[in-house]
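Peer 1: please work out how this folds:
(chains A and B)
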2 protein chains.
Amino acid sequence: MAAVLGKVVIMGLGLMGGSLARSLKQTGFCDHITGHGHRDVSLKKGVSLGIIDSYSLDIDEALAGADMVVIATPVLRAIEAVAEVLPKVSRSTIVTDVASVKGSLLQAGIAACAGQVPPNLVLGHPIAGSHNSGVDASDADLYRNHRVILTPLPETDTEALAVVRQMWLSTGANVAEMNVAEHDAVLAATSHLPHMLAYALVDALASSAITDDIFAFAAGGFRDFSRIASSDPTMWRDIALSNRDSLLEAIDMYTANLAQLRESIASADSDALHDTFSRSKAVRDAFVAGSADS
Amino acid sequence: MAAVLGKVVIMGLGLMGGSLARSLKQTGFCDHITGHGHRDVSLKKGVSLGIIDSYSLDIDEALAGADMVVIATPVLRAIEAVAEVLPKVSRSTIVTDVASVKGSLLQAGIAACAGQVPPNLVLGHPIAGSHNSGVDASDADLYRNHRVILTPLPETDTEALAVVRQMWLSTGANVAEMNVAEHDAVLAATSHLPHMLAYALVDALASSAITDDIFAFAAGGFRDFSRIASSDPTMWRDIALSNRDSLLEAIDMYTANLAQLRESIASADSDALHDTFSRSKAVRDAFVAGSADS
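Peer 2: So this is what the prediction gives:
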């Protein structure tokens, strides 16, 4: 393809940023990719692997002449980076990100722009990942056939939005749009909540007085159910903190549902239990049928 | 091996009973296996496949001359079967089962024996299964390297216990012993509770007002976490009802833990969140390292 952009800056060359850089290089979406970060290990490796063209530890040097800045750091750092970058770039420089939380980033962006929504800020969230992390695990095909949610506002520049959309399409992703609050609620419910539930389960079992060896008797269902409790604690602490309100709502919704199920069990309401389990199975089976295997 | 027993009766020739029959046939643990059930489809198939030697729809005919009766029906039927079989057999006939709940079966057995613990009742629970069900899915190796929990009482005949243990060892299983209450508490916590949590999550999301299309944005973590919500609703209704007290305790323990986690999020207690997630990850990683892969 003919290059759509000149210079793209990727802040944070880990799994997400590295994978995006690889893909943009492969398709020639832009002429030049500059990496920026606080440590030079990943960035040096990025250059030697040909994932990025150059790097700078100095933010001003990195941003000079940038057509687009992609913030691909962990989420708490991304909130800081939005506030740091926006005042340094012109309105013709697109600022976007890959964080799994959008409201906190938007608030940081508005606060950094004297209370106005910055039209050049196009928040995005590719729903993709890997058990591995770091630039070594990066993969040009990480985003292929995955969804990217963009959360434009009425104030968002339509051209900037179109370019970000085009970038994600070039990686093979499918692009959807949602408003910021809906994004954070949907992700709280479908991703952040399940992680909290899995952590809470393992923690509850580990502190249970039943038996020292309780996990010795856990079966395959437990293994699947608890897999996400092996996720990175720092990343999930940061997500919990930066999507707090939506996550609390999701926990409350869940707690109410579980209390109802408890009541059905306590009152031996056979029909209610069968209805709930059948309904859930049907929904879950439909989810699986509509997405990848099993 | 030389046959340990003469005639074994298997009540319920589904996945569990069929797999046990196949294994006992293969090793020659007994001379003769008779199937019993309410419908003859599986039983006829069992004979034609050589899994069992004969069958009878008549319980008295089936039990005649039995050295051991293995109740391998769904759990609510198993509770009835314990009460039905014990008065029909002599104390030299071992009665055992494969249900994932033990307290309800023991109570049924005691009630059927004028308030006395029947010494020939050896309750057992092989922790094995499959996504498939029925005799067609049965597999002589289903129990290999899986755990079987036996829950003998002081009144249990030691010879009967030794034979049941020997039977499970002959299938390649590992045999552990626990008391009935501990079994039901451990299974409630590690298996029944996770199923309830997964059903409740899918149900909560399905009835959420957030978006009609909420599942479209669910990622891989959700797929793993919710897999057990695709389990058989009838089976899980019956387990919930027959292990009610232990399950309610497990739900309460979990709800308290989740409430504490909610409080840490609400108060933005970064250290508490990181501690909880780190502890859970360590426990879960150790669980995985100590069992099968991932």
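Peer 1: next structured bit after the lowest-mean-pLDDT helix or strand in chain A?
Peer 2: Across the helices and strands of chain A, mean confidence by mean pLDDT, DSSP states H and E is lowest for helix A:220-226: a mean of 81. Once helix A:220-226 ends, the next helix or strand along the chain (criterion: DSSP states H and E) is helix A:233-242.
Peer 1: pLDDT averaged over the helix or strand just after that next one - what is it?
Peer 2: With elements assigned by DSSP H and E, the helix or strand that comes after helix A:233-242 is helix A:244-266. Averaging pLDDT along helix A:244-266 gives 97.
Peer 1: stretch A:4-23 now?
Peer 2: Averaged over stretch A:4-23, pLDDT sits at 97.
Peer 1: thinking again about what came up before, what residues does the least confident helix or strand of chain A touch?
Peer 2: For helix A:220-226, the surrounding residues in contact (Cβ atoms under 8 Å, 6 or more residues apart in numbering or on different chains) are A:198, A:201-202, B:129, B:190-191, B:194-195, B:197-198, B:224-225, B:227-228, B:231, B:284, B:287-288, B:291-292, B:294. C-beta: built from backbone N, CA, C; applies to glycine.
Peer 1: try it again at 7 Å.
Peer 2: A:198, A:201-202, B:190-191, B:194-195, B:198, B:224-225, B:227-228, B:284 (Cβ atoms under 7 Å, 6 or more residues apart in numbering or on different chains).
Peer 1: tell me where the stretch 51-200 of chain A has helices.
Peer 2: Per DSSP state H, counting those that start in this stretch, the stretch 51-200 of chain A carries helices over the ranges A:59-63, A:75-85, A:103-112, A:158-170, A:180-187, A:193-206.
Peer 1: please export the C-alpha coordinates of the shortest one as PDB.
Peer 2: The C-alpha coordinates for helix A:59-63 follow below in PDB (Å, rounded to 0.1, in the frame of the first residue of the first chain):
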ATOM      1  CA  ILE A  59       9.800  12.600  24.500                       C
ATOM      2  CA  ASP A  60      10.200  16.000  22.700                       C
ATOM      3  CA  GLU A  61      12.700  14.500  20.300                       C
ATOM      4  CA  ALA A  62      10.400  11.500  19.700                       C
ATOM      5  CA  LEU A  63       7.400  13.600  19.000                       C
END
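Peer 1: quick one: buried residues of it?
Peer 2: Within helix A:59-63, the residues scored as buried using 16 or more other Cβ atoms under 10 Å in any protein chain shown are A:Ile59, A:Ala62, A:Leu63.
Peer 1: let's have those residues in TSV, adding pLDDT and distance to B:Thr171.
Peer 2: Shown next, in TSV, are these (pLDDT from 0 to 100; distance: Cβ to Cβ, whole Å):
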residue	pLDDT	distance to B:Thr171
A:Ile59	98	65
A:Ala62	98	64
A:Leu63	98	67
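Peer 1: ok, and which of the helices of the stretch 51-200 of chain A has the densest surroundings?
Peer 2: helix A:193-206 (a mean of 25; mean count of other Cβ atoms under 10 Å in any protein chain shown).
Peer 1: what does the stretch 1-150 of chain A have sitting close to chain B?
Peer 2: A:Ile127, A:Arg147, A:Ile149 (Cβ under 7 Å from any Cβ of the partner chain).
Peer 1: one more time with 8 Å, if that's ok
Peer 2: Applying Cβ under 8 Å from any Cβ of the partner chain, we find that the stretch 1-150 of chain A lies next to chain B at A:Ile127, A:Ala128, A:Gly129, A:Arg147, A:Ile149.
Peer 1: neighbour count and pLDDT added to the residues you listed, as TSV?
Peer 2: Output for the residues of the stretch 1-150 of chain A next to chain B, formatted as TSV (neighbours: other Cβ atoms under 10 Å in any protein chain shown; pLDDT from 0 to 100):
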residue	neighbour count	pLDDT
A:Ile127	21	93
A:Ala128	22	89
A:Gly129	19	81
A:Arg147	18	93
A:Ile149	22	97
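Peer 1: A:Leu247: which of the buried residues of helix A:59-63 is nearest?
Peer 2: Nearest to A:Leu247 among the buried residues of helix A:59-63 is A:Ile59, at 30.6 Å by Cβ to Cβ.
Peer 1: quick check: closest non-adjacent residue to the closest one.
Peer 2: Closest residue to A:Ile59 apart from its sequence neighbours, by Cβ to Cβ, 6 or more residues apart in numbering or on different chains: A:His36 at 6.2 Å.
Peer 1: can you list contacts of stretch A:278-294?
Peer 2: Contact with stretch A:278-294 is made by B:198-200, B:202-203, B:205-206, B:215-216, B:218, B:223, B:226-227, B:229-233, as judged by Cβ under 8 Å, 6+ apart.
Peer 1: mind listing what's buried in that stretch?
Peer 2: For stretch A:278-294, a neighbour-count test (16+ other Cβ under 10 Å) marks A:Ser278, A:Arg279, A:Ser280, A:Lys281, A:Val283, A:Arg284, A:Phe287, A:Val288 as buried.
Peer 1: tell me who's in contact with the most centrally placed residue in chain A.
Peer 2: For chain A, the residue nearest the mean C-alpha position is A:Ser100 (2.8 Å; Cα atoms, centre = their mean). The contact partners of A:Ser100, by Cβ under 8 Å, 6+ apart, come to A:Val75, A:His125, A:Ile127, A:Leu187, A:Ser191, A:His192, A:Ile239, A:Asn243.
Peer 1: tell me the pLDDT at A:Arg91?
Peer 2: For A:Arg91, pLDDT reads 96.
Peer 1: which ones are touching it?
Peer 2: Contact analysis of A:Arg91 by Cβ under 8 Å, 6+ apart lists A:Pro118, A:Pro119, A:Asn120, A:Asp157.
Peer 1: now tabulate those in TSV and tack on distance to B:Asp31, neighbour count and pLDDT.
Peer 2: Formatted as TSV, the contacts of A:Arg91 follow (distance: Cβ to Cβ, whole Å; neighbours: other Cβ atoms under 10 Å in any protein chain shown; pLDDT from 0 to 100):
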residue	distance to B:Asp31	neighbour count	pLDDT
A:Pro118	82	24	98
A:Pro119	84	19	98
A:Asn120	83	21	98
A:Asp157	83	17	98
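Peer 1: greatest separation within those: which pair is it?
Peer 2: Of all pairs drawn from the contacts of A:Arg91, the greatest distance, 9.1 Å, lies between A:Pro118 and A:Asp157 (Cβ to Cβ).
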